[in-house]
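sequence below, structure please.
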Amino acid sequence: RPARPVTGLVGVASTALALPAVAATPWPVTLAVDLAAGVALLLAVARAARRTPTALAGSFAAATLVGHGLLVALATRGGTLAALGVVLPAGLAAATLSRRGTPAQRAVGGAGLVAALLATPLLAVVALVTAGATPAWQARGASAAAVLSLLTAVVLRRHRPDLDGYASTASALALGGCALAPLGVPAEPLALYAAVAALLLVAVDRRAPAAVAGRVVAATLTVVAGLAVLPPTVAAVFTPYGGPVRPWSGAPAAGPAGGGWSTVCVLLVLAGVALLPAARARAGRATLVLVGFPFAAVALPVLLVVAGAPWPAAPAAVLLTGLAALLAAALAVPGAGAVRPGLLLGLVVVPVGLLWTLAGLAGLFATPAGTFAGLALAVVAAVVVAAAGRRPGARVLGGLAAVVAGTGFAVAAPLAADLPLRTAGFTVLAVAGVVLFLAPAAGRRTALAGQALEAAAQAVALVALLLTLSGYRHAAVVCVLWGVAVGLRVLRPGESTAGRWVFAGIAGVSELLGVWLLLVAGGVVLWEAYTLPAAGLALVAGLVALRTRPGLTSWLALGPGLAAALLPGLVSVLVAPEPQPWRRLGLGFAALGVVLVGATRRWQAPVVLGGTTLALLALHELARGLDLLPRWIFLAAGGLALIALAATYERRRRDLARLRTAVGRMS
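Numbering: from 1, shown residues only. Okay, the predicted model is just below:
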């Protein structure tokens with residue numbers, strides 16, 4: 001029995017489609033027949049078709065008739081307007097008639113509601129086109145009609161919850177499509193359309209499963225709006241005056257970087273899009289502030305640029321915003337209940353603070369006064385973070401940032417006074433000294449902070465040395481002063497033994513480097529002038545190490561220093577063609593003294609190194625004397641030596657064995 005009504009409905013649809021073609025009727029008649037038959041069939045199904053097959057067949061036939069009618073109506077604007085004018089009330093009527101129907105009938109009513117809501121903005125566009133409106137007004141009219149569809153869906157949500165999914169999906173698609181209409185109308189602001197549409201969708205969202213389409217469309221529109229305002233926003237933050245600022249090139253002229261007031265409006269609307277879900281979820285005040293902070297941070301420089309604020313308003317505002325963000329992140333109290341705010345701090349506030357701080361400093365570098373003001377603010381903020389930061393990592397980073405900013409200030413100050421660059425080495429060295437002596441205070445709260453500042457002080461001292469390398473005497477003074485400063489640090493009460501050794505080594509190396517630079521500046525070419533100070537420093541360190549570390553051998557403690565003292569002179573004597581009598585004599589006495597000291601203290605390294613040096617010197621002297629004596633003397637001396645060796649061979653062999661044993665027992 002159910003096949004009879006199905007067959008009848010299909011027959012009605014087929015007759016309505018075939019009759020105009022057989023009778024060769026004009027298109028208005030065809031349009032009227034299709035729409036009348038389709039609407040009648042749709043209303044009949046929504047009201048009386050209780051069986052599912054009947055409802056499905058009837059709705060399919062009705063959709064076929066109405067679709068054919070719409071295709072026919074596209075021939076003229078008036079026909080399209082009339083067809084859409086019929087679809088709109090027919091869809092609403094089908095939705096109304098399906099209130100107490102079966103699930104299949106409610107599905108038919110939902111489909112009719114979707115058609116009606118989608119037809120609303122199309123009807124507005126066709127009406128405006130017919131009236132001769134401009135494309136801009138067409139886009140505005142379609143958007144207003146889409147908003148009306150959204151309001152209709154909100155009203156139906158209360159009275160017909162069974163149609164909520166249909167209404168939400170259709171209204172979201174209609175509003176999303178109209179929000180993208182400015183893609184074809186360049187005069188209209190795409191970002192503003194997309195942002196307002198996203199705000200409306202978020203405002204009516206009730207977090208129901210049926211509103212998934214609305215959330216997807218809202219997220220898509222939010223991304224579109226953000227990408228649309230990204231170029232003017234980046235320009236307002238990083239290049240607010242038309243391009244990158246050249247250091248100390250003068251205050252740039254004020255001029256908008258692009259975007260206009262619509263960009264400010266879009267940013268405010270996007271802030272609402274982000275804040276509404278958080279407020280609806282009853283998030284805390286801190287979470288709301290953190291969510292809205294990025295939009296406020298972006299909107300402020302854009303507003304200043306659009307308003308034509310002169311320099312340095314925009315970079316100063318950006319810098320203060322960045323520093324405030326970093327201070328808030330560093331001084332925020334960590335807690336178990338602040339997981340979400342902590343995540344927002346790490347992922348949003350800290351990156352924004354870093355970028356804004358760098359951008360503000362770069363913008364203030366246009367003049368010396370701006371440079372000093374920006375660096376001074378950065379130093380103060382970094383010191384506050386280093387002293388009062390709630391997290392150890394924040395204190396470490398704050399201390400390092402203060403060192404960097406202070407170093408920049410120390411470099412800029414002499415340059416602003418038209419002094420040579422090497423003069424900045426001394427001001428930078430002063431910063432290194434201050435950091436070196438403040439590091440223990442920072443290390444009392446966080447050991448890592450103290451270690452980081454000590455390493456930073458050494459790095460800043462190296463920067464000071466590099467700045468003065470254009471004049472060796474200035475570089476030598478820097479090395480000597482730094483050696484004195486580090487040496488004073490060794491005397492600080494409470495310093496660990498390992499720390500004292502490290503600082504003593506750094507001080508010695510610095511003083512040695514200063515001596516070398518002075519020798520280079522004076523044009524000294526004598527090898528020993530460079531090697532003997534280094535050898536003396538190494539020997540002193542080795543002697544102290546032998547006293548404090550009983551298991552240390554003389555090779556490890558004294559070997560490097562002795563090699564630095566003896567080998568350069570020995571190589572010069574053996575290789576150089578000049579006689580060098582004073583160098584040979586001095587090297588011989590030095591090697592003999594080393595052997596005697598080593599034998600007295602029972603140190604193996606001095607005995608072996610000094611003895612080897614003496615032996616090589618003796619062979620060198622013997623080789624030089626070959627040409628000064630008759631040949632028979634060498635033959636006679638060789639024969640006598642062989643006779644003496646043969647006569648006392650056993651005794652000499654025992655002496656060599658005892659010597660080897662004695663040397664082997666040395667440390």
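
end to end, how far does stretch 95-102 reach?
One end of stretch 95-102 sits 12 Å from the other (Cα to Cα, to the nearest Å).

mind checking how far that stretch is from the chain centre?
In terms of Cα atoms, centre = their mean, to the nearest Å, the centre of stretch 95-102 is found 57 Å from the chain centre.

burial check on residue 621, number of neighbours?
For residue 621, the tally of surrounding residues (other Cβ atoms under 10 Å) stands at 12. From N, CA and C alone the C-beta is placed, and that goes for glycine too.

skipping adjacent residues, who's closest to it in space?
In this structure, residue 621 finds its nearest non-sequential neighbour in residue 584, 7.6 Å apart by Cβ to Cβ, 6 or more residues apart in numbering.

pLDDT score assigned to that neighbour?
For residue 584, the pLDDT comes out at 79.

secondary structure element holding residue 622?
Following DSSP states H and E, the helix or strand that holds residue 622 is helix 604-624.

make sure residue 477 is actually in contact with residue 511.
No. The criterion here is Cβ atoms under 8 Å, and residue 477 misses it with residue 511 at 11.7 Å.

for the record, mean pLDDT for the helix holding residue 622?
Helix 604-624 shows a mean pLDDT of 81.

so which strand or helix has the residue nearest to residue 621?
In this structure, residue 584 is located in helix 581-601 according to DSSP H and E.

and stretch 595-613, how far apart are its ends?
Start-to-end, stretch 595-613 (Cα to Cα) is 10 Å.

buried ones in it, by neighbour count?
595, 598-599, 603-611, 613 (16 or more other Cβ atoms under 10 Å).

could you list the low-confidence segments of the stretch 451-600 of the chain?
Applying pLDDT under 70 to the stretch 451-600 of the chain flags residues 525, 527, 577.

list the contacts of the residue nearest to residue 621.
573, 617, 620, 621 (Cβ atoms under 8 Å, 6 or more residues apart in numbering).

quickly note the distance from the last one to residue 136.
Looking back up the chat, that one is residue 621. For residue 621, the distance to residue 136 (Cβ to Cβ, to the nearest Å) stands at 105 Å.

same deal with the third one?
Spatial separation of residue 620 from residue 136 under the definition Cβ to Cβ is 101 Å.

mind telling me what element residue 164 is part of?
helix 164-179.

now that helix: mean pLDDT?
Mean pLDDT, computed over helix 164-179, is 84.

in that helix, what counts as buried?
164-179.

ok, stretch 267-277 next?
Neighbour counts using 16+ other Cβ under 10 Å place 267, 268, 269, 270, 271, 272, 273, 274, 275 of stretch 267-277 among the buried residues.

which ones are touching the third one?
This means residue 269. Each residue near residue 269 by Cβ under 8 Å, 6+ apart is listed here: 192, 195, 196, 198, 199, 225.

which outside residues touch the helix or strand hosting the fourth one?
If you go by DSSP H and E, residue 198 is part of helix 190-204. Applying Cβ under 8 Å, 6+ apart, the set of residues contacting helix 190-204 from outside is 139, 143, 146-147, 150, 153-154, 172, 175-176, 178-183, 214-215, 217-219, 221-222, 224-225, 228-229, 262-263, 265-266, 269-270, 272-273, 276-277.

between that helix and helix 164-179, how many degrees?
On the basis of axes from the mean of the first three to the mean of the last three Cα atoms, to 10 degrees, helix 190-204 is oriented at 160 degrees to helix 164-179.

put the alpha carbons of helix 190-204 into PDB.
Output in PDB follows, covering the C-alpha atoms of helix 190-204 (Å, rounded to 0.1, in the frame of the first residue of the first chain):
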ATOM      1  CA  LEU A 190      37.000  42.300   4.400                       C
ATOM      2  CA  ALA A 191      38.500  42.200   7.800                       C
ATOM      3  CA  LEU A 192      35.600  44.200   9.400                       C
ATOM      4  CA  TYR A 193      33.000  42.000   7.700                       C
ATOM      5  CA  ALA A 194      34.700  38.800   8.800                       C
ATOM      6  CA  ALA A 195      35.300  40.000  12.400                       C
ATOM      7  CA  VAL A 196      31.700  41.300  12.900                       C
ATOM      8  CA  ALA A 197      30.300  38.000  11.600                       C
ATOM      9  CA  ALA A 198      32.600  36.000  13.800                       C
ATOM     10  CA  LEU A 199      31.500  38.100  16.800                       C
ATOM     11  CA  LEU A 200      27.900  37.500  16.000                       C
ATOM     12  CA  LEU A 201      28.400  33.800  15.700                       C
ATOM     13  CA  VAL A 202      30.300  33.600  18.900                       C
ATOM     14  CA  ALA A 203      27.600  35.700  20.700                       C
ATOM     15  CA  VAL A 204      24.800  33.400  19.700                       C
END
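
that concludes my questions; thank you for your assistance.
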